[in-house]
Structures are given as structure tokens and as C-alpha cells.
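Novice: predicted model, plus sequence, below.
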Amino acid sequence: MAKKIKAKKQAAKAPAAKNKKPAANNKKPAAKAKIAAARKKPAVKTTASRKSTPKKTRKRSGPSDQTLKELHLKMVRIRCFEEAGGQMMEDGKIPGALHLYVGEEAIAAGVMQHLSNEDQITSTHRGHGHLVAKGGEFKPMFAELLGRSTGYCGGKGGSMHISNLELGMLGANGIVGGGPPIAMGAAFSNKFRKTKNVTISFFGDGASNEGSVHEAANMAALYKLPCIFVCENNGYGEYTSQANHQAIVDVADRAAGYGMPGVIVDGMDVMAVYEAAGEAIERARNGGGPTLLECKTYRYYDHVGMRGMGMSYRTDEEVEAWRKRDAIAGFEQRLIELGVMNRKQVDSIYTRINNEIEEAIAYAFDSPHPEPHELLENVYCEKGA
Amino acid sequence: MAKKIKAKKQAAKAPAAKNKKPAANNKKPAAKAKIAAARKKPAVKTTASRKSTPKKTRKRSGPSDQTLKELHLKMVRIRCFEEAGGQMMEDGKIPGALHLYVGEEAIAAGVMQHLSNEDQITSTHRGHGHLVAKGGEFKPMFAELLGRSTGYCGGKGGSMHISNLELGMLGANGIVGGGPPIAMGAAFSNKFRKTKNVTISFFGDGASNEGSVHEAANMAALYKLPCIFVCENNGYGEYTSQANHQAIVDVADRAAGYGMPGVIVDGMDVMAVYEAAGEAIERARNGGGPTLLECKTYRYYDHVGMRGMGMSYRTDEEVEAWRKRDAIAGFEQRLIELGVMNRKQVDSIYTRINNEIEEAIAYAFDSPHPEPHELLENVYCEKGA
Amino acid sequence: MSEAKKQEARKIPYVAAIKEGVREVLLEQDNSFVAGEDVAGAGGVFGHYGGLLQEFGPDRVYDTPISEKAIMGLGVGASATGCRPIVDIMFIDFIGECMDEIANQMAKMRYMFGGNATLPVTIITMSGGGLSMAAQHSQCLEAWLAHLPGVKVVCPSNAYDAKGMTIAAARDDNPVFVVFNKASLGMSMEVPEGAYEVPIGKAAICREGSDLTIVAISRMVHEAMAAADQLKDLGLDVEVIDARSVQPFDTETVIKSIKKTHRALIVHEAVKFGGIGGEISAQIQEQAFDYLDAPVMRVGAPFCPVPFSPVLEEIYIPNADTIVAKVKDTLEL
Amino acid sequence: MSEAKKQEARKIPYVAAIKEGVREVLLEQDNSFVAGEDVAGAGGVFGHYGGLLQEFGPDRVYDTPISEKAIMGLGVGASATGCRPIVDIMFIDFIGECMDEIANQMAKMRYMFGGNATLPVTIITMSGGGLSMAAQHSQCLEAWLAHLPGVKVVCPSNAYDAKGMTIAAARDDNPVFVVFNKASLGMSMEVPEGAYEVPIGKAAICREGSDLTIVAISRMVHEAMAAADQLKDLGLDVEVIDARSVQPFDTETVIKSIKKTHRALIVHEAVKFGGIGGEISAQIQEQAFDYLDAPVMRVGAPFCPVPFSPVLEEIYIPNADTIVAKVKDTLEL
Ligand SMILES: Cc1ncc(C[n+]2csc(CCOP(=O)(O)OP(=O)(O)O)c2C)c(N)n1
Ligand SMILES: Cc1ncc(C[n+]2csc(CCOP(=O)(O)OP(=O)(O)O)c2C)c(N)n1
Ligand SMILES: [Mg+2]
Ligand SMILES: [Mg+2]
């Protein structure tokens, strides 16, 4: 999307694609206690004056080791993908604009952990993370970012439209607020076809002010559809802070106005997201209707591309405060404490994934561009009931 | 708007245009006590399970006799206008569709009592009542309904677009949800131009599900605009009941999600509306920002035209229960009790207004149709800063 | 599937033909449903869904909130995931409320996804004036839709096509807009029982002639037929083509006709400037330039919103007289 | 007001010219303000409002929520009540979000109200492809707007016009859409300081010629100029007209040119089918039929969404070569 190159020098150099650790780990590692404290008292306020009844802030409980590992893996896969992709963009190798999900990984991981390929999601312009967590493979993803014919969309979609319907990923979307009505329609379909599947609609704090989100939420609540509206509240829509785009602190305050539960969760805590999402998804699968799940999060980099620091619309201190609460670093610490993994195992995951990414990037670059005849293909499909 | 002629016979004959009394008075007059009781325990629920903090149900207090008389006069003018206009439509004399405001008069009267010509309103497809209360004159109004060149819009607008900017009436609107963004813009203008004026946006329960209302409300709250969103909740959008178009009972539940107060008021009680509106308007004039004021009301007739009873989408009992709580009849009773007027004075008002209406209708019928050359006029205006 | 034979002399109005078309779809396709404002309980504000709720039950026919963006999203999301929805936008005037869902999602999804999505959704809506419904309830906006790669747009002019094109639209695996005309709702004609298709993308020759081809859209077909009668008296033998489908547009049939008649006039009710008539005119002279004995004429609404005043609206909407006047003027008859 | 004389050889890019235009308006008209997504703090995602917040303060330049319907409503309501707003829709692709506010309110209010409302609102937006921004951020949708009586639509192709038309739009008492082209933002040219107007509704002859008239819109003007150079080598002396304004359209200038050159080609970046080129082509042959030595040609984007793939987008967007090929093909050169 809209890319704005500012004149100011970049204050903090963005980590290169080959980093074995998430960005937050490049800082002096914060003490265990400090991380825990930050998590207990997140920088985001999870209580607001006008909060209505069904909203709750969630705490951790205990899923299996396997689940914990999968959650971690999802987050790491996203982080590594985004760092690599972002670097490629900075290097001028990716056409168009790239909106990076770095910092928000816990949301995609925590939600998607509950889904199968038959469950659908709609995504946003910031959609790579959602697709990775939904099972997207690196090769066709990088190929798509490069516009190659081996990409998920044959090179016709690019970052903003990356999608795969077999995986239940109904598309990233270049239109802010474009996803929720489609998700609602997919949820309607799930109910109509009497499946037990759910649809998740991811959208931003900025998107919450689009009329489409309002209409979709109302209709989902009316029909009690298995649709979960996940607001990824990272505090900004492009360069405009939440305080400058809405007079509320919690988007979840809107849930009551549709007759659905509103839940606020710390989006930097993958377990909290996992649990809150699980509850909402279970309710939806059982006919209990939609939920508005607001996850307080932060994007480490700029709206587009990889600059993170020295921005005029937010302070470096703010960025640093959020980075200290990094979802992946914190979760790794916890996994090690719990004995689920050790540091070596964690490190080896980064090695493996970065190797996979390296391979995928090579594959993408080796892939052919679409042929001219493809230009006019797939505008329509052949008829047939 | 969309007109649906049903096959069923009309159960209760609509009162003719010449009735000296509001429709409800044609029934056996309910005992004073009964009316009071009905008003204390309105058929509408004013409390809902999910109601949030800033919402309150209002009670009566004591304005001047003059104000009481003006409130009454406004309501009677609307009622008589609508009965007459409706009858003309039933008689096939008015082209297009007519959406009657009968039953909802207390809202227009109670709100408009606080406004000057410099304050603006946006209206709906059900807009005659708003214009009458805003000071609209009968002659150009009837002329407009007949499409004559002496009409407020020179015959080009008709019922659905009747307007007068000198009176601050920014138009009836054929688009459900069309008004709120415009009202918000006018309120922005009031604030920008540093006036003390306010803008009122009337909209229905059905309209509350349009994305435009959501966006306008959010923006009004963000900028703390002097804009009051008045939801005329008559329980139906066309032939669809509120229960079938939203999963909430109180539209005012949505106010908290924008960061503005939500107030629920009995829309059949003109004093209650007057007071609640007064408070919201005063707050807006003083820089306190917008309010969502929900008025529980009912339309006595069908969505379009004058049929009232024997409809498949609502019961006659429901209509009768609401008619028993008629805002005008009840208020007259109260005025007589308070000694503000006596029955004779009340009756003479009807005589006077119906005479005025008769004259206005004659005037309208005598008025010329627009000339062919007018067809292409006023698409644009002559340039000039 | 080809067009079924007309069976017997059963005449029904356009409005009833729409309902029959939708009904056949609901009978035929288990994964189809109807959703829109007042389509269920009220059977549609024009009665064109009357009785469907009763026959098929609330799992197949849904009243929606007044939320056009959500309605269109419902069509997109449900069709992408195994349903064949029929969604209703009460008046085409209201598509402004959901043009993003139409233009940026529905029309482009398949292409953007490299063919990975299929959207078998049908959108039913009403267009046109003549009922004194003023500027916001009388428009013809098919040109907006026809400019959008990824959707199809048909405008049935009569009851037979109304039913057959509804069925064809619903059987099509692409998003198809079926734009009905509200001033034609009462027009009766012979309509077969049962299911049949009127193919999308094929124009119909309503009257053969040798001197002038009129290409008309929707209700203007009937005005063109009346104009043809009047022009006959002036010695012009007029061929009338009902475009029926504006996207895809049947250029072939039109060009073939014009190569025979050497003169062309296009008539639609939409505002002339920027209407689909410009496209058709351009195509005609691109493909039959050397055959043209006169400029390709266009008749459409003048450049203003639809006025409420019945006397002004009468002047506003093109009719047989306007068409005849245009022909006389251009051909200097 | 007439166009001011160009003062001195000061070259600035298109993007800076937009900002200068808006700045002049803010200086000149106390009741004007700018509102849109990221126009204040960020100075616009393309920097075309950079520094205006700092210069004029937060009472004149407003960041809005991501709410296009509200933004357009702000423009309508504020302009109807004494302000002269400049509202920004970041990309023209997003007008689907507010087409109802545009088509049913903004465009019709004055007419429906019998002249009782005046809406001096300017809408600034960006269109066009070439930046690999894919199907939802690369469209040209001016045809939708031009089909709407009640609004004006201009598409400045260069920095001088960008500034002058912004000022003309803001001084106009009607709603005017100023549709800029995002691939042209860096193109520099001589632009006078201070306020001047480029009149709305007047085309510009960019190059005189005698054999063929190319009518081009927005960035395609530059492709047409390049094509004209190539065609010169083939012996064709090409006149290039920059339409500049598509609503109202300057038919007169175009017809006059074609009566001289006898051949016409229209080029726009929008999808050819249903684009404004059809209207222009139809008008040309309606008004200059007897002067035409060849069919009126059109060049526009093919019938598909804008592809992300740079190699496909390169084929997709018309350019000088496409134009030359079209001319060679039609005129059998
Ligand atoms: C309808 C529409 N309006 C505006 C834009 C431009 N735009 C792209 S992303 C964005 C900000 C979105 O903010 P938010 O929803 O909070 O998501 P985030 O980028 O923070 O993840 C904007 C304004 C758009 N793409 N679509
Ligand atoms: C955008 C739009 N959608 C649908 C309609 C058709 N329509 C006209 S009035 C109406 C019902 C409105 O209900 P509500 O807002 O509750 O107002 P009420 O009629 O009850 O006063 C509908 C659906 C319309 N005019 N505009
Ligand atoms: Mg955000
Ligand atoms: Mg209602």
C-alpha cells in the first residue's frame, strides 16, 4: 500500500534477513522477571471506562507441549518470513509495497492454532503472517511477492492479495475493511452448509472505522454466524494514532452494540490469544455466534517496509517498550522454563527455518514470470452449475 | 420509496384528511389514568441487558406554557399535514411514494423546539414531519409533494427530497443512512466556523445498520462535533422487525462504542423527548460533542401510504397498543389538566390548521408544473468563489 | 443448456417471471439461497419473491438488515465457499453503498487469486424510472458495472428473458448482475413453465429490417419497437435488437445487422453521457466503419438527475417519439 | 479568472505542484480546509500535503479515520453550510466505499433541492497504475464519475495543470473531482508561483498536427506525445490533445481538430470497455461523421483487472508502442 519515504535518517538499523533470532532478541536480553512483569502490566490498557459486561481480559492456562511448540513454530516462521521479505523489499527486489507483520505474530499463531484447512480466514493488507500461520508454504509465498507464475496467485496478486483457498485463506486485501463482509459471508456459508467450521476476520484498529466492518458485525450477530472478528489493534492506521481516529480506547467496546461478546486480550501474549480465541471459536462452532476479540499489539516496523525507528508519528521509546515485550522472545523464555524446549532446540528451529527460507527465495527467483497470455486469463471462469 | 400493495383488505379504515382530531382520538378515549399508566410502563423496553453506562431514561420537568403550546402545535401541524397528504396519496393525487410520520410526531416536535433556522437537520425518507417542525410551510410543502414549481424544490425533489436550506433542513433523503454523514459534515462546519449551532441527524432503527451511520458517528465523536444522532426506533425497517435486523434491543447500546453518551427516551412522550434532546443539544453547543438519542416510537401506518391495520408483518394489537399511547392525545390531556389550554382551544387549533391545510392544498393544485426548460437547470451552479 | 421450447400459451407478467426464475433455481440448486432486504417476509417490495419463504423455508430465503455492503459481502464470501447465493439489492440506485464490495472484491477476486476463487453469485436488482420516484430511486447504472472486468451484467426486457436470464445467471459460475426494470413489472407475455435458460452474452433480434438497426436496452426495447412502427410510415424498415446482455456484449450480432442496414441507433434509459451507448457506438464504427451511411445515433437520458415532477420525468425518459425525432433529425427525413 | 502568465523558469514536480495548489487555496479562502486519511500529520501518503499542517495548523488540515463515507459526507455537509472543503480519497480505487455519498448525495443535492443547495467541495484523489500496486490500487475510474450529472471531473496530466486545476476546482462552486496520476508525481515542469487557474472544461492542444488527432487523458498524454514522435517517422503529422477535463468534456476543441485532421484516436489508461473513450468516440462520429477518413480508434487497458506482476502490468498499461501499433493497424501503414 501507500508508501511514504521520509527524509529522516533511520535511527535503529533493521535486522538483516539472516538473523537467526527475532528482532527483540538482538537487544540486551531482558531479565526473566522483567519480561514477566511487563506481561502482567502491559503497556496497553485492557480496561476502559465504558467497558461493557461480556468483555474480559484473559489469563494463561495449560495446553500440551505439542501445542506450545506449534505456537512457537508458527510465530518464528512468520517472523523469519517477514524479516527476509522485508529485507528483499528494502533491497529493491520486491515490486510494490510490503506491509510487515513483525511484532504481531502472537495473534496469527494463537488464533490459527485452532483452525483446520476447512476453517476460513480473511486477512488484511498485512497478510503474510496470517497465511503462514494458516499453513502457507514459503516457496509459493515468496514467488507471489516477486510476481512469479509459481506464486500462490500466479503472480497476479502480490503481497496485498496473497491467498490460498485450499488452505481456507480467502485473501489478503488491499481494501481496509474489505475482509469482514467476506468473512461474514463465508461464516454464513458454513452455517448454511451445516458444517462445524468457523471463519476468522482479521482487521485493524483503523479498519474498525469502516462501515463495512459495522455491517458485517451486525449481520453476523443477527444470524448468529460462526464468525470471529479479530481486531489487531496496533494503535495506528498508517501514520494516524488510534487517539486520532477514534474516541475510544477499546475497539471491543463496540461488541455490545451488535449483541456479541467483546473480549480484550494482550496480543503480545500468544497463550492469552490462544485461549481467548479458543473460547470464541468453540462458542462459534457450537452455534453461539460471533465474538469480537481485540488483541492489543504493535507493529515494529513502519506501515510499509522495514523502517522502525525515528518516525515522526511515534516515538522510539514507544517502539522499544513494545519490543521489550516481544511475543516470541518471551514465549521462548517460558518454553525453556517449562522444559518444553531448550535454547539449543530453539536455535535450531531458526536455523532450519532460515534455511527453508533461503531455499524458497532461491526458488522464487528462479521461477518464471507469467506469460503474456496469462494476462487475460481467469477474469472469468468457464460456466457450469 | 418501495411501495408494496398487499392483497388483504384494510382492517381499520384510515381517518380522512378532514379529521379534526389525531387518529388516536377517534377511538374510545382512554381514561386519564390508563394513559398515564401506559406512559409509565411503555410497551417498549427502555432497559436492555447489555445497556452501558452513559444511557439514561428521562422523566418530565417543567418548561413554560409557551413552550408547551409550541410543542403541541408542532405535533398537531405534523399530524394534520400527514393525514391530509396521506389521504391525497390514497386518492391517487400524489405521484410517487409517501412515507408518513404519523405516530412519531413527538420526536420531531421535541427536538426541533430547541433549534433555530441556523441549526441544521438531516432527515430521512419519512421527512415531512421534520420539515414541518423545522418551520416548513404547508403551501410549498404540498406543492412539492405534487411536483409543482412552487414547491420547496421546484417540484424536482418530491416527498423523498423535500428540503429547505434557509430553514436549516438539509433534506429528506431517499437513501437509508444517507443523512448522518451529511449531518456530521454540517456539524463539522458549525464547529469550524465557530458558531454555536448544532446539527441533528434523524435516522431509523433500520438505518442504524448502514455503514454510513457508523462512520459518521465515529467521526463526530472523534472531533467532538455538535451533532446529535436521533434514532427514531419504530421497531421496523420497511416490513422487517427490529428483531430480524439486529441482535440488540437498544440502538443506544452503540453509543459507547463511539465514545459518546447514549440516551433512550420514550418517543411517545414529547416532554421526555424535549428534555433529553435539550440536554444533548446544550452539551453539543457547549463543545461537549455528540450524543446518540434513541426514541422508541411507532408508525401508525404502513411503510408507505395509509394502511395501518391488517398487515402480515405486525399485529393489529400491537398497532392499537401504541395508538393508545398516542403522543398528541396524551399531551393534550396533560395540557388541559395543567390548565395551559382547554378543550375548546385545542379544538380550535385543529380547525385553524386544517383550514390552513385546505388552503395550502388548493394553492398547490393551482400551482403550475415546472416548465420543460427547468429540466436541465440547477444541475450545476454558476461558478464563483 | 439451450433454450427450452415454449410450451403453451401461458401468459404471466414480468414480475411473476422473475419469481419463477428464482424458484427454479432454488429447486434445482440445493446450495442456493436468496438474501436481501424484505425478500423473505414481504416477498420483495415488488412481490418478485412472493411465497418463496413459505415454499422453501427460512433456511433458503433471508431478510437482511439494511446493509448493502454486508449483503454483497455475503454473496462474495458464501459463493467463494460452496454456496450459490442470490443476493438482492432493492434498487440499483443503492449499489453506491456496496461498489467497493462489487468492484474490488467480487469482480477481482478470481483474477487476483490467479484463478483460485470461483464466485457463482447472482445479484438481482431493479432499475429505471417512470414511477415518479425521483433522483435516488430511478437510475440506470449498468454502465458502472459493465466497466468492471470480472462481472457479467444482463438487463432482461421481457418476462421470458426475465425468467430465463435469472436461471442462466444462477447457473453461471461467475458473478452475474440481473438488472430488472421496475416499470416493466406488469408486462405480460408467454412464459414456459419449468426451467430454461436465455443465454448470457447473446442479443436478440426482435424485429427484422433493412434500413436501420436500433440497439435497445431493457425497457427501451419496447419504445424502439413502437418507434419502428412509426418509422415504417416514414418509409424506414427498422431492425430492432434487444442487447439483453451488456457485459459481455454481443458485438457480433449487432455488427452483422449493421452491415446489412448501414445505419445504427442505440437507445438506453441511462444518462447518455458516459452510458453504455458510447461503448456500443464506438464498437460499431470501429468494426463497421465502411458500412455506415450515417453517424451512429444515440438516444439516452439528458444530463441531469431524474426529476420527481411527472411532467419533467416524462420529458426526461427516452421514448418512441424521442427515438423517431432523433432518426428524423439525423437522417434529415 | 484567466490563466496567470508563467513567471520564471522554476521547475517543480507534479507532487509539489499539487501541494502549491492546495496551499494557495488555503491562503485564499478562509472557509476552506483539507481533510482526509493521513493528510495532516503525514502530509499525505505521497507527500502532496506536506507541511500544510505545520503552516496552517490543525484547524485547517485534518487527519480523518479510515471512513470514506464519512469523509465524503464531511465534504457534502460542510460545503452545504458555508465551508469550502477539500477532501481527499487516497486512491480513486476507494471511491467504491463512498459512491453513494458521491452519486446520490453530492451529485444530486442541488438538483433535487431545486437549486437550494450549493456544494463548493473539491475532492482530490490519485489514480493509475505502473507502481506494481495490483488490482485494488491501480485503477482509473473516472468513467464512473463522468457519468454523473452534478459533479465535474478533471485529470491533470502535468504539474502546471495540477496546480492550476486544483485552484480552479476549489474556486468552483460545484463539486469537482481532481484526479491526479500517481505515476506522474515526479514529473517536473515550469510552474508559476502564486495562484492561477487552468479552466475546467477546456482541453489543451499539446502538439499541432494535420493527419491524426490523439485525444489523451492524464498520463497517457505523455505516451501520446511519444507516439506522435514515432508516427512522425512514419509520415503522420499528429495533433495531440490533452482532454484535461472529462466532465465537462471539451467536445468543441476535439471536433475542431478532427475536422482538420480527419482521423482520431482516443487513449486512456482505464479499461477500454465502458471507459470514457467510448463516449468521446461516439461524440466525434456524431459531430464529425462526414469528416472522418478512418474509424475513430481507441486505446485503453484490456478487459481484466490490473495484474500485480510487473511484466504483466507492463503489457497491461497502454503506452506509446501500443498507440503506434493501433494506428498502424487501423490505417494499414
Ligand atoms: C478503503 C481503504 N482506505 C484506505 C486505504 C489506505 N490504507 C491502507 S492500510 C491503511 C491503514 C490501516 O490501518 P489498520 O486497519 O489499523 O491496519 P494496520 O496497518 O495498522 O495493520 C490505510 C489507511 C485502503 N487500503 N483502503
Ligand atoms: C440504501 C438504501 N437501502 C434500502 C432502501 C429501501 N428502504 C427505504 S426505507 C427502508 C426502511 C428504513 O427503515 P428505518 O431506517 O427503520 O426507517 P423507518 O422507515 O422505519 O422510518 C428501506 C429498506 C433505501 N431507500 N436506501
Ligand atoms: Mg492499526
Ligand atoms: Mg424503522
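Specialist: Cool, got the structure. Ligands and ions are numbered 1, 2, ... in the order given.

Novice: kindly report the residues of chain A close to ligand 1.
Specialist: Proximity of chain A to ligand 1 (C-beta under 6 Å from any ligand atom) is limited to residues A:1-2, A:124-126, A:174-177, A:204-207, A:232, A:234, A:236-238, A:303. The way it works is simple: take the backbone N, C-alpha and C, and place the C-beta from them, glycine included.

Novice: check for me that C:H137 belongs to a helix.
Specialist: No. C:H137: not assigned to a helix; according to DSSP: H, G, I helix; E, B strand; the rest coil it is coil.

Novice: ok, so what distance separates C:A204 from C:D250?
Specialist: Applying C-beta to C-beta, to the nearest Å, the value for C:A204 to C:D250 is 9 Å.

Novice: between the two, what contacts are shared?
Specialist: C:R244 (C-beta atoms under 8 Å, 6 or more residues apart in numbering or on different chains).

Novice: and the helices in the stretch 201-350 of chain A?
Specialist: Per DSSP state H, counting those that start in this stretch, the stretch 201-350 of chain A carries helices over the ranges A:211-222, A:270-285, A:316-324, A:327-338, A:343-366.

Novice: in the fourth one, what counts as buried?
Specialist: Read that as helix A:327-338. For helix A:327-338, a neighbour-count test (16 or more other C-beta atoms under 10 Å in any protein chain shown) marks A:A327, A:I328, A:A329, A:G330, A:F331, A:E332, A:Q333, A:R334, A:L335 as buried.

Novice: the spatially closest residue to C:P295 that is not a sequence neighbour in helix, strand or coil?
Specialist: Using C-beta to C-beta, 6 or more residues apart in numbering or on different chains and skipping the chain neighbours, the partner closest in space to C:P295 is D:F289 (3.8 Å). Recorded secondary structure, D:F289: helix (three-state DSSP).

Novice: D:F289 contacts C:A294, correct?
Specialist: Yes. The criterion here is C-beta atoms under 8 Å, and D:F289 meets it with C:A294 at 7.1 Å.

Novice: pLDDT score for whatever residue of the stretch 151-300 of chain C ends up closest to chain A?
Specialist: As assessed by C-beta to the nearest C-beta, chain A sits closest to C:R171 within the stretch 151-300 of chain C, at 4.3 Å. If you check C:R171, the pLDDT there is 98.

Novice: hmm, it is touching C:Y196, no?
Specialist: No. If you go by C-beta under 8 Å, C:R171 and C:Y196 don't touch, sitting 10.9 Å apart.

Novice: check contacts around C:E97.
Specialist: Counted by C-beta under 8 Å, 6+ apart, C:E97 has contacts B:I175, B:G177, B:E210, B:G211, B:S212, C:E68, C:K69, D:M99, D:D100.

Novice: ok, and does stretch A:243-257 reach over to ligand 3?
Specialist: No. Stretch A:243-257 stays clear of ligand 3 (C-beta under 5 Å from the ion), getting no nearer than 8.9 Å.

Novice: can you tell if that stretch touches chain D?
Specialist: Yes. If you take C-beta under 8 Å from any C-beta of the partner chain as the test, stretch A:243-257 does meet chain D, through A:N244, A:H245, A:Q246.

Novice: restricted to strands, list these.
Specialist: Among those, DSSP state E puts none in strands.

Novice: let me have these in JSON lines, adding neighbour count, pLDDT and distance to B:T291 as columns.
Specialist: What follows is the residues of stretch A:243-257 next to chain D, written out as JSON lines (neighbours: other C-beta atoms under 10 Å in any protein chain shown; pLDDT from 0 to 100; distance: C-beta to C-beta, whole Å):
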{"residue": "A:N244", "neighbour count": "19", "pLDDT": "98", "distance to B:T291": "22"}
{"residue": "A:H245", "neighbour count": "23", "pLDDT": "98", "distance to B:T291": "21"}
{"residue": "A:Q246", "neighbour count": "26", "pLDDT": "98", "distance to B:T291": "17"}
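
Novice: format these as CSV; extra columns: distance to D:E239.
Specialist: Formatted as CSV, these follow (distance: C-beta to C-beta, whole Å):
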residue, distance to D:E239
A:N244, 50
A:H245, 49
A:Q246, 53
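
Novice: adding distance to ligand 2, write these out as CSV.
Specialist: Converted to CSV, these look like this (distance: C-beta to the nearest ligand atom, whole Å):
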residue, distance to ligand 2
A:N244, 29
A:H245, 25
A:Q246, 24
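
Novice: from those, which is closest to A:E82?
Specialist: Taking C-beta to C-beta as the measure, A:E82 lies nearest A:H245 of the residues of stretch A:243-257 next to chain D, at 24.6 Å.

Novice: that closest one contacts D:D63, doesn't it?
Specialist: Yes. Between A:H245 and D:D63 there is a contact under C-beta under 8 Å: 7.5 Å.
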